[in-house]
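Peer 1: build me a structure from this.
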Amino acid sequence: MLNYMWALMMAAGIVWAGFHGNLQDVTDAVLSSGKEAVALGIAMLGIMAFWSGIMEIGNRAGLIDALAGRMTPVLNFLFPALEKDHPARKKIAANMIANFLGLGWAATPAGLQAMEELERLEDERREGRKGGPARKRGVAGNEMCTFLIINISSLQLIPMNIVAYRSQYGSVSPAAVIGAGMAATAVSTAAAVLFCRAMDRR
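Peer 2: I've put the predicted structure just below:
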């Protein structure tokens, strides 16, 4: 659906420019934006590689396991039906830690792996081998919905990606958004938690 929306907006812009004689401006903007996108992608690739590497080092050193253990009360509150030894818990914890540090790119692999584990859990519930309510195939379970909503709300201590973007574009104070980011994500995460708990009780 989003692909169709983007295509429609671009087509509408080109048609509008054609009617008003601005096609040359559109061509110039496409070329300059393409160049800027490549430059930004190369700049952010280094940051992504660095922080993804830090997360992998922390994982191999046992830091993620230790932090996941510390997060047991939080995970028990958010995912009460998820067994304490379920492999999804470690992936969920790694994703939440990376998001908390503002490392959205480093959080994505762990988030995808957590969703795969939660999907397997739903399959096992459908086969009657695990406790908890099962949904029909193609319908997300409570844990999957909760994880997705918490992930989207993304509580952040340091919005590293935004700071990197601001630095790339020459901001005088790239870190000036940290306080506002913390406040905004704290509110969004609190709303997400309240919504998930209310829906679970229903």
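Peer 1: distance between the helix or strand of the chain with the lowest mean pLDDT and the chain's centre?
Peer 2: Sorting the helices and strands of the chain by mean pLDDT, DSSP states H and E puts helix 160-168 at the bottom, at a mean of 76. Taking Cα atoms, centre = their mean, to the nearest Å, the mean C-alpha location of helix 160-168 is offset from the chain mean by 17 Å.
Peer 1: now for the very next helix or strand once past it, which elements pack on it?
Peer 2: Counting by DSSP states H and E, the next helix or strand C-terminal to helix 160-168 is helix 178-201. Applying 3 or more Cβ pairs under 8 Å, 6 or more residues apart in numbering; DSSP states H and E, one finds that helix 178-201 makes contact with helix 142-153. Every residue, glycine included, has its C-beta placed from N, CA and C.
Peer 1: who are the packing partners of the helix it packs on?
Peer 2: Helix 142-153 sits against helix 88-100, helix 104-126, helix 178-201, with contacts defined as 3+ Cβ pairs under 8 Å, 6+ apart.
Peer 1: Throw the ones you listed into TSV and include distance to residue 3, mean pLDDT and mean neighbour count, thanks.
Peer 2: Listed next are the helices and strands packed on helix 142-153 as TSV, based on distance: least, Cβ to Cβ, whole Å; pLDDT from 0 to 100; neighbours: other Cβ atoms under 10 Å:
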stretch	distance to residue 3	mean pLDDT	mean neighbour count
helix 88-100	26	85	24
helix 104-126	20	83	19
helix 178-201	27	84	14
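Peer 1: for residue 32, which of these is the nearest?
Peer 2: With respect to residue 32, and counting by Cβ to Cβ, the nearest of these is helix 104-126 at 25.3 Å.
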